[in-house]
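# Provided below are the primary sequence and the corresponding predicted coordinates.
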Amino acid sequence: MLKFQKKNKNQAQTCFKNVYGSMDLFGQPPAFKILKQEKFTTSLGFLFTVGISVVCVLYTIIQLQDLYSQTGPRVTMSEEQVVDTSAYSLEMTNYTIGITMANMSLGSLQTLGTHFTMNVQNCKRVRSIDPTTNKTVISQNCTLYPTEPCGEQHFVTDLQKSYFSKIKLGFVQCFNVEQWQNNPPQLQGTVQGTITIAQCKNTTNKTDCAPPEKIWKELQTGYYAVHLSDNLVQMKNPGTPFKDIINLQYTTFSNSTSKSIFQTFKITQSDTDTGYIMEDVQTEYGLAQSQNRESQDNYNNQFIVQHIINLDSRLASYNREYQKLQDIFGNVGGLWQILFLAVSALLQPVTSTFMNLQMANKLFRFENQNNQEGLQAQQSSDSIDEIKDNLKRSGSPTKMNARGSQQLDLESRKSYFSKRSLGGQKSMSKSIFVKSVDKVNNHKQMIQLLKKRKQSLNLSMRDIIIMSFGCRKKEKQLISYATEKFMNKLDIANLISKVYEIDRLKLILLNEQQQKLFNYLPKPIIPESMFGEDFQKKMKIVEQKQAYKVILQDEKPEFMRLQEAFVAYVKIQQKDEISEVDRKILDILDEDILELFENLHTNTSKLENIFQDSPMKFQLQFSDIESPKSNFQPDFDEDMANQIPVLPAMLRSQQ
């Protein structure tokens with residue numbers, strides 16, 4: 001059964017695999033490399049990445065510091081109407097009140113009990129319906145709070161102690177401490193506090209009031225003052241959102257008028273989320289003054305001043321929350337994305353051009369001025385074929401034996417190598433590369449020379465940036481042309497067509513038996529000894545095994561490939577007859593490399609200095625590399641010598 005038929009037969013299994021694969025969100029997509037790297041990197045991109053990382057790290061540190069110090073909260077405020085507010089207890093720790101009467105000279109009145117009375121009550125209004133009249137009757141259930149001169153025992157908080165330490169307390173009245181602690185007053189929708197200042201009147205239970213004339217004179221005019229607590233809402237401050245303060249509020253009074261003061265306090269609720277990851281809500285309440293109204297009328301023979309303190313029906317609610325760790329990391333991720341997109345917009349054209357340049361240098365050679373000079377001398381190399389024919393006619397008899405024929409074929413073949421290796425150079429001169437080889441004394445210098453000889457576009461990142469502004473148009477055209485060439489090769493249709501061409505070549509070049517064996521060739525083997533410390537010693541043995549050659553071929557450095565190419569060149573040169581394939585390969589080879597091989601072939605000392613000093617040297621006898629001696633001695637006359645632009649290296653070595 002064919003693979004396609006087997007696949008169609010197991011449709012259910014195939015469908016299950018497709019569904020299974022589509023639901024795997026962590027499946028690894030295929031990764032490709034470019035220039036032996038998973039991604040193309042540049043120093044400029046590295047610097048920008050470090051810069052963006054530093055910015056994000058600093059931003060994260062700042063945000064974490066704000067989170068730890070609880071600064072910059074997000075606050076939302078709302079108000080709601082409450083039909084029946086909850087009772088708010090006025091305790092010594094959260095409420096402060098001190099009452100005093102003063103004359104116009106701001107001197108405290110010391111006649112409490114003889115000239116005026118002070119009555120403090122906490123009253124609850126009760127509405128009821130009279131069954132006889134069916135009318136609503138409002139009554140008050142009041143709790144009397146006697147007052148006493150303020151002392152240190154009335155102040156329990158640091159704010160109270162600090163505030164009243166600057167005031168003469170002898171004539172300031174406070175609530176009775178024992179009753180305040182046992183039954184603190186409350187404020188609610190129907191519960192209010194009332195402070196009443198009235199003229200002293202003798203009754204059955206009280207007979208110590210001063211005469212009316214003195215009372216009239218004492219209370220003719222003055223100030224009613226009260227030290228009252230308040231709250232400031234400070235949501236920006238870490239910790240508690242309320243700040244307690246004490247205000248001195250005062251108003252004038254007269255014995256000929258009755259003044260009513262209506263003061264309203266509003267409950268403020270604060271919900272603070274202090275959790276770093278999860279919610280951790282802490283609720284606090286504060287009592288802040290919201291309204292203060294006064295009304296005055298003729299003396300009603302009941303009170304001089306009546307101060308009513310009640311609770312506002314509106315409830316203010318503040319919701320305060322700080323950034324959490326997940327919010328901070330989300331903000332950092334957003335900042336990273338913004339900076340990354342901004343920098344990518346600037347770097348992407350530069351990086352793309354630089355990557356295309358590196359790809360072009362890897363895949364192509366670029367002609368420089370030296371190449372152009374070599375092309376001008378190309379015409380001189382065309383006369384070498386003519387020299388070969390002249391040598392045959394002038395230096396040998398008409399009839400030749402087998403040995404002489406073989407020698408002549410060898411010389412003409414060497415002449416071909418000289419022609420190919422020197423074809424592009426000026427007359428009677430060496431190439432610049434070969435001249436540089438003359439100065440090489442070991443394999444390290446040779447490696448450096450090979451790196452320098454690459455005919456590539458040597459452009460830095462600075463040149464690429466300048467190029468993006470319209471400069472260096474020639475280099476830009478070369479990069480664009482090279483990019484278009486290798487991108488066309490990467491076209492998927494082109495790749496598929498090449499694969500089919502390879503399959504067709506297999507049908508053309510291989511017979512039926514060879515094709516079957518070719519299709520069953522084993523996969524390359526990775527040698528275990530490749531990872532040992534003594535791999536260089538075992539390399540020669542491992543290299544002889546066919547199964548390892550594919551892997552080892554990719555691992556060989558350029559200098560080692562140069563050695564192998566030189567050995568192959570020598571073996572081709574030692575052949576009795578050059579095949580058509582060998583000839584075509586030599587035609588495609590670089591002219592400088594051919595001239596280098598010819599130079600090393602004729603210069604044994606140079607060969608020893610370069611190759612024998614290599615840490616990966618071949619087991620090669622130099623006697624096998626030396627050129628065979630020839631008894632062939634061509635005769636040159638003066639005219640013929642003038643016509644020779646360059647003598648083949650082997651011929652010069654034999655003269």
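Cool, got the structure. Numbering: from 1, shown residues only.
# flag every buried residue along the longest helix belonging to the chain.
For the chain, the longest helix by residue count, based on DSSP state H, is helix 325-363. The neighbour-count check on helix 325-363 (16 or more other Cβ atoms under 10 Å) flags 328, 332, 339, 343, 347, 350-351, 353-361 as buried. C-beta coordinates here come from the backbone N, C-alpha and C atoms, glycine included.
# what about the closest residue to residue 241 other than its chain neighbours, which helix or strand?
Nearest-residue entry for residue 241: residue 270, 4.5 Å, with adjacent residues in sequence omitted and distances by Cβ to Cβ, 6 or more residues apart in numbering. Following DSSP states H and E, one finds residue 270 within strand 257-273.
# using the three-state scheme, assign residue 161.
helix (DSSP: H, G, I helix; E, B strand; the rest coil).
# pretty sure residue 104 contacts residue 218?
No. If you go by Cβ atoms under 8 Å, residue 104 and residue 218 don't touch, sitting 11.8 Å apart.
# so between these two, which is more surrounded?
residue 218 (20 against 10; other Cβ atoms under 10 Å).
# would you mind measuring from residue 34 to residue 593?
27 Å (Cβ to Cβ, to the nearest Å).
# neighbour count winner among those two?
Between residue 34 and residue 593, counted using other Cβ under 10 Å, the more crowded position is residue 593 (18 against 12).
# tell me which helix or strand that one sits in.
Using DSSP H and E, residue 593 falls in helix 591-602.
# alpha carbons only: can I get that helix in PDB?
Extracted C-alpha coordinates of helix 591-602, given in PDB (Å, rounded to 0.1, in the frame of the first residue of the first chain):
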ATOM      1  CA  GLU A 591      42.200  33.100 -10.700                       C
ATOM      2  CA  ASP A 592      44.100  34.100  -7.500                       C
ATOM      3  CA  ILE A 593      43.600  30.700  -6.000                       C
ATOM      4  CA  LEU A 594      44.800  28.900  -9.100                       C
ATOM      5  CA  GLU A 595      47.900  31.100  -9.200                       C
ATOM      6  CA  LEU A 596      48.400  30.400  -5.500                       C
ATOM      7  CA  PHE A 597      48.300  26.700  -6.100                       C
ATOM      8  CA  GLU A 598      50.700  27.000  -9.000                       C
ATOM      9  CA  ASN A 599      53.000  29.100  -6.800                       C
ATOM     10  CA  LEU A 600      52.900  26.500  -4.000                       C
ATOM     11  CA  HIS A 601      53.300  23.700  -6.400                       C
ATOM     12  CA  THR A 602      56.600  25.100  -7.700                       C
END
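# sorry, back to before: return the set of buried residues in the helix or strand following the strand holding residue 270.
Sequence-wise, the next helix or strand downstream of strand 257-273 (DSSP H and E) is strand 281-298. Neighbour counts over strand 281-298 (16+ other Cβ under 10 Å) mark 286, 287, 288, 289 as buried.
# pull up the per-residue confidence for the first one.
If you check residue 286, the pLDDT there is 90.
# how about the contacts made by it?
Each residue near residue 286 by Cβ atoms under 8 Å, 6 or more residues apart in numbering is listed here: 231, 233, 241, 242, 267, 268, 270.
# name the residues linked to the closest residue to residue 261 other than its chain neighbours by a beta bridge.
Spatial nearest neighbour of residue 261, excluding adjacent residues (Cβ to Cβ, 6+ apart): residue 307 at 4.5 Å. In this entry, residue 307 is beta-bridged to residue 195, residue 261, by DSSP bridges.
# so how far is residue 97 from residue 307?
The value you get for residue 307 to residue 97, if Cβ to Cβ is used, is 10 Å.
# rewinding a little: closest one to residue 461 out of the buried residues of helix 325-363, please.
residue 354 (6.3 Å; Cβ to Cβ).
# that closest one - nearest residue in space that isn't next to it in sequence?
Going by Cβ to Cβ, 6+ apart, residue 354 has residue 464 as its nearest residue, at 5.0 Å.
# the one you found and residue 350 touch, don't they?
Yes. Counting by Cβ under 8 Å, residue 464 does reach residue 350; the two are 5.4 Å apart.
# how is the protein partitioned into domains?
77-321, 364-654 (automatic domain parsing).
# wait, what's in contact with residue 293?
261, 262, 263.
# run through the bridge partners of it.
What pairs with residue 293, by the bridge criterion (DSSP bridges), is residue 262.
# surely the residue nearest to residue 354 forms part of a strand?
No. The assignment for residue 464, made by three-state DSSP, is helix rather than a strand.
# show me the contacts for it.
With contact taken as Cβ under 8 Å, 6+ apart, residue 464 is in contact with 350, 353, 354, 357.
# now it: how far from residue 86?
Distance from residue 464 to residue 86, by Cβ to Cβ: 73 Å.
# what of residue 287?
12 Å.
# overlap in contacts, those two.
Between them, residue 287 and residue 86 share the contacting residues residue 267, judged by Cβ under 8 Å, 6+ apart.
# what do residue 307 and residue 97 both touch?
Common neighbours of residue 307 and residue 97, using Cβ under 8 Å, 6+ apart, are residue 226.
# what's the closest non-adjacent residue to the residue nearest to the spatial centre of the chain?
Centrality entry for the chain: nearest residue to the mean C-alpha point is residue 336, 4.7 Å, by Cα atoms, centre = their mean. Leaving aside its sequence neighbours, residue 336 sits nearest to residue 56 (Cβ to Cβ, 6+ apart; 5.3 Å).
# surely that neighbour is in a strand?
No. Under three-state DSSP, residue 56 sits outside any strand and is assigned helix.
# doesn't residue 331 make contact with it?
No. Judged on Cβ under 8 Å, residue 56 makes no contact with residue 331 at a distance of 9.7 Å.
# next, the residue nearest to residue 219 when sequence neighbours are not counted: phi, psi?
Once flanking residues are discounted, residue 219 sits nearest to residue 255: 4.2 Å by Cβ to Cβ, 6+ apart. Dihedral angles of residue 255 (phi, psi; degrees, to the nearest 10) stand at phi -80, psi 0.
# residue 255 touches residue 301, doesn't it?
No. Using Cβ under 8 Å, residue 255 is not in contact with residue 301, being 10.8 Å away.
# which of these two has more residues huddled nearby?
residue 255 (17 against 9).
# any idea how far that one is from residue 220?
6 Å.
# buried set for the helix or strand harbouring residue 449?
Per DSSP H and E, residue 449 falls inside helix 443-452. Residues 443, 445, 446, 447, 449, 450 are the ones in helix 443-452 that count as buried (16+ other Cβ under 10 Å).
# how about stretch 253-260?
Buried, per 16+ other Cβ under 10 Å, within stretch 253-260: 253, 255, 258, 259.
# and if you look at stretch 181-190?
Counting neighbours by 16+ other Cβ under 10 Å, stretch 181-190 gives 184, 185, 186, 187, 188, 189 as buried.
# ranges for the helices of the stretch 501-650 of the chain?
Using DSSP state H, counting those that start in this stretch, the helices of the stretch 501-650 of the chain run over 512-519, 535-543, 546-555, 558-573, 580-588, 591-602, 604-611, 622-625, 638-642, 649-654.
# re the thing from before, packing partners of the helix holding residue 449?
If contacts are counted by 3 or more Cβ pairs under 8 Å, 6 or more residues apart in numbering; DSSP states H and E, helix 443-452 sits against helix 432-437, helix 558-573, helix 604-611.
# and the angle from it to helix 591-602?
160 degrees (axes from the mean of the first three to the mean of the last three Cα atoms, to 10 degrees).
# how far does helix 443-452 sit from the chain's center?
40 Å (Cα atoms, centre = their mean, to the nearest Å).
# list the contacts of residue 100.
Going by Cβ under 8 Å, 6+ apart, the list of residues near residue 100 reads 108, 109, 171, 172, 173, 225, 226, 227.
# what's across from the fifth one in the sheet?
For residue 173, the beta-bridge assignment (DSSP bridges) gives partners residue 99, residue 149.
# and it, how many residues sit next to it?
20.
# next one: the first one
When neighbours are defined as other Cβ under 10 Å, residue 108 has 17 of them.
# show the model's pLDDT score for it.
pLDDT, residue 108: 87.
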